[in-house]
Each structure stands twice: as C-alpha cells, then as structure tokens.
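**Q** below are the sequence and a predicted model; questions follow.
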Amino acid sequence: MKRVILMRHAKSSWSEPGRDDHDRPLSKRGRKAAPVMAKWLAKLGALPDRILCSTSRRTRETVARMRKAVPALPEPELNGDLYLAEPETILRQFQELPRDCQCVLVIGHQPEMGQALRLLDPGAGAPELSRAYGHFPTAAVAILEADVAEWRGVGAGSASFIAFAVPRELMG
C-alpha cells in the first residue's frame, strides 16, 4: 500500500502588484494555516517519508511553516517540474519514488492538485470528500491510498480518496 498526500500551498499574498507569480509570499492567513495542516497530518499518523515541493516561494514557505510545527516532517525536495505542472507530470514524480518510500506529500498549486486528485481517483468518493473535486482550497490536504507494492503502479484511477481537510474547518 502506498499513500499519496496532495496539498495546495497555503494562502498567498497579492499585496505587491506586479510581483512575479513564482515569487509571491504567504499571506498572514497562509502563515497560520500551514502549521494547522501539519498538525492534522501528525494527528492522523499520516506523516510522509518524502515531501516533493514546487519551487515557488509560497510552497516553500508552506512546507517551512509545517516543519516548524511538526519537526518530524522530512526536509522537502524542491522540484521545478511541480510548478504549474500537468497532473500527468505529478504522477510521473510518484512513479520515480523508491520502493521503500511508503508515503509522499506533494505541495503544489491549483488547479493541478485538484486535477491530480481527479486523475488518481476519478470517482466522487464519500459525500464528505466529493467537495474536493469541485474546489481544492488553499492549504487543503487530500489523502489517497493506492493498493500497489511499487510506485510505478500509481497511475490514473489507481488510488482511493480517503481523507480531506481544509484549515478553516480545523481551526473552527
């Protein structure tokens, strides 16, 4: 069994018009949300073996705040291919993971995270999960499981969507 965790970066700031999209920082709300999601993963016992992270500033800041809240999270592997990646590109990243990795967290962007979710599990899932298919909010986390022994078996339709959370619901 392999576990895939998809996360959209926390809320970014638009306070500096004209700033390159790749270089936008987190907003105050985003800085608060990232640790909440890390603690939720830890509470579930869903800490990843590896973190694949887009190179954008907002994804790097998201993972840095998560790791500060939950030091057991591994150092992220920055990957330029994940910045505004096609969902098939994201799946290829999974397929290249070593066999001993059981769980991977990918921190990327929208609409790519939502598209990757729909590609991995095209069903609507349980009613409490189906809302993620329509909108994948900032700092949202989706957890999927694939009943495969090796990562190369993770492809379209190979996973089951098992959990979803957004920070505003966890923060009350």
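**A** Ah, there it is.
**Q** every contact and neighbour count from this point should use C-alpha atoms.
**A** OK.
**Q** how would you label P122: helix, strand or coil?
**A** Using DSSP: H, G, I helix; E, B strand; the rest coil, the three-state assignment for P122 comes out as coil.
**Q** and the worst-scoring helix or strand of the chain on mean pLDDT, C-alpha only, in CSV?
**A** Confidence across the helices and strands of the chain bottoms out at helix 127-134, with a mean of 78, counting by mean pLDDT, DSSP states H and E. Output for helix 127-134, consisting of C-alpha atoms alone and laid out as CSV, is shown next (Å, rounded to 0.1, in the frame of the first residue of the first chain):
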residue,chain,number,x,y,z
PRO,A,127,-20.0,12.8,0.2
GLU,A,128,-17.8,14.5,2.7
LEU,A,129,-14.9,14.1,0.3
SER,A,130,-16.6,14.9,-3.0
ARG,A,131,-16.4,18.7,-2.5
ALA,A,132,-12.7,18.5,-3.1
TYR,A,133,-13.4,17.5,-6.7
GLY,A,134,-15.1,20.9,-7.4
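**Q** which parts of that helix are buried?
**A** Going by neighbour count (16 or more other Cα atoms under 10 Å), the buried part of helix 127-134 is A132, Y133.
**Q** next secondary structure after it?
**A** Moving toward the C-terminus from helix 127-134, the next helix or strand (DSSP states H and E) is strand 141-146.
**Q** tell me the strands beside that next one, with direction?
**A** Strands flanking strand 141-146 in the sheet, each with its direction: strand 2-8 (antiparallel), strand 159-165 (antiparallel) (DSSP bridges).
**Q** check which helices and strands the least confident helix or strand of the chain sits against.
**A** With contacts defined as 3 or more Cα pairs under 8 Å, 6 or more residues apart in numbering; DSSP states H and E, the packing partners of helix 127-134 are helix 112-120, strand 159-165.
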